[in-house]
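K.L.:
Predicted model, plus sequence, below.
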Amino acid sequence: MDLYLDHNTVIHRLDPRVKILGLAAIFALALAFNHPAYVAGVAAAVLLLAVIARCLVNLWRLRAIFVLLFVFSSLLWPVMLRGATEVARLGPMIVTRESLLYGIAVGMRLDAMVAAGLIFLSTTRVEEFTAGLRRLGLPFPVSFAFSLAFRFVPTFADSAYTIIQAQKSRGLDLDSGGLVTRLRRHVPLLIPAMICAVRNTDLLAMALESRGFGRAARRTEYREMRLRWTDWLAGLACAVVVAAAVWWRVTGHGAVLPRL
């Protein structure tokens, strides 16, 4: 259930603050262009980071999501947008060259952003993520809420998996029949899953309250983070690349349509 991979790579050793800012930089790069050639360059850079971080296994686990995002974007955006160069006409729908390229670019953009998020989760522990947000100036309740979301997703998924296996052992058939039939059989499982989620949330609230969560006193941390020269170099590289990309887009490059 956990995406973190315990490897000793240069990305793993970076300060969590630098990795958070680097993730934001990758999102900015992906949003800066809507031409497939430029977005493909961003996607290639993200793939190179995945190779360096040795987390291709996590990207392969979610390969179906990458394919769906790219296919649906490439099919829907050409129908919803209209450019100047007509390529095909499907009844009342007109497919243009600009909208087709935009759809492909958006599909690669979404894949690049999801892959960047997976790289971040594969190289950063939840505790490091919380500490990084705190050092970036976010209040502790806000940073704790972010980290709690990452903790609760695998916990909720594990509870749902346990409920499904328990019902299968009691004779519930969830694998046969069509898609609609299988979805209908999963509906009754939502009730125990929601009850488990509410119960875990209530227990967590009581545990936090018993430990004095939300007090105004200044919090101390066991681990003191210090920026090394590699962190400064990585942060500077991200800032320079993002500034160059924004300037390149403002000067009229890297776009097939005048929109994000």
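P.N.:
Alright, I've got the coordinates.

K.L.:
for the chain, what spans make up the strands?
P.N.:
For the chain, the strands defined by DSSP state E cover 86-90, 93-96.

K.L.:
now, of these, which is deepest in the fold?
P.N.:
strand 93-96 (a mean of 16; mean count of other CB atoms under 10 Å). No exception for glycine: its C-beta is placed from N, CA and C like everyone else's.

K.L.:
how about the CA coordinates for that strand, as PDB?
P.N.:
C-alpha atoms of strand 93-96 as PDB (Å, rounded to 0.1, in the frame of the first residue of the first chain):
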ATOM      1  CA  MET A  93     -18.000  18.000 -34.900                       C
ATOM      2  CA  ILE A  94     -14.900  19.500 -36.500                       C
ATOM      3  CA  VAL A  95     -11.500  18.200 -35.600                       C
ATOM      4  CA  THR A  96      -8.700  20.700 -36.200                       C
END
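
K.L.:
Report the rounded mean pLDDT for that strand.
P.N.:
For strand 93-96, mean pLDDT is 80.

K.L.:
what does stretch 196-211 give?
P.N.:
The predicted model assigns stretch 196-211 a mean pLDDT of 83.

K.L.:
now that stretch: how far from the chain's centre is it?
P.N.:
Put simply, stretch 196-211 sits 26 Å off its chain's centre (CA atoms, centre = their mean, to the nearest Å).

K.L.:
May I see the buried residues of that stretch?
P.N.:
Going by neighbour count (16 or more other CB atoms under 10 Å), the buried part of stretch 196-211 is Cys196.

K.L.:
sorry, back to before: pipe the strands of the chain into JSON lines and attach distance to Val126 per row.
P.N.:
Rendered in JSON lines, the data for the strands of the chain read as follows (distance: least, CB to CB, whole Å):
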{"stretch": "strand 86-90", "distance to Val126": "47"}
{"stretch": "strand 93-96", "distance to Val126": "45"}
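
K.L.:
Between its first and last residues, how far does stretch 25-39 reach?
P.N.:
Terminal residues of stretch 25-39 lie 14 Å apart, using CA to CA, to the nearest Å.

K.L.:
So that it lines up with my notes, have the first residue be 13 from now on.
P.N.:
Sure, I'll start numbering at 13, so the last one becomes stretch 37-51.

K.L.:
ok, so what distance separates Thr213 from Arg146?
P.N.:
Distance from Thr213 to Arg146, counting by CB to CB, to the nearest Å: 23 Å.

K.L.:
Looking at the strands of the chain, which is nearest to Leu74?
P.N.:
strand 105-108 (29.4 Å; CB to CB).

K.L.:
residues in contact with that closest one?
P.N.:
90-91, 93-101 (CB atoms under 8 Å, 6 or more residues apart in numbering).

K.L.:
swap in stretch 257-270?
P.N.:
40-41, 44-48, 50, 93, 95, 110-111, 113-114, 117.

K.L.:
buried sites along it?
P.N.:
In stretch 257-270, counting by 16+ other CB under 10 Å, buried: 257, 261, 266-269.
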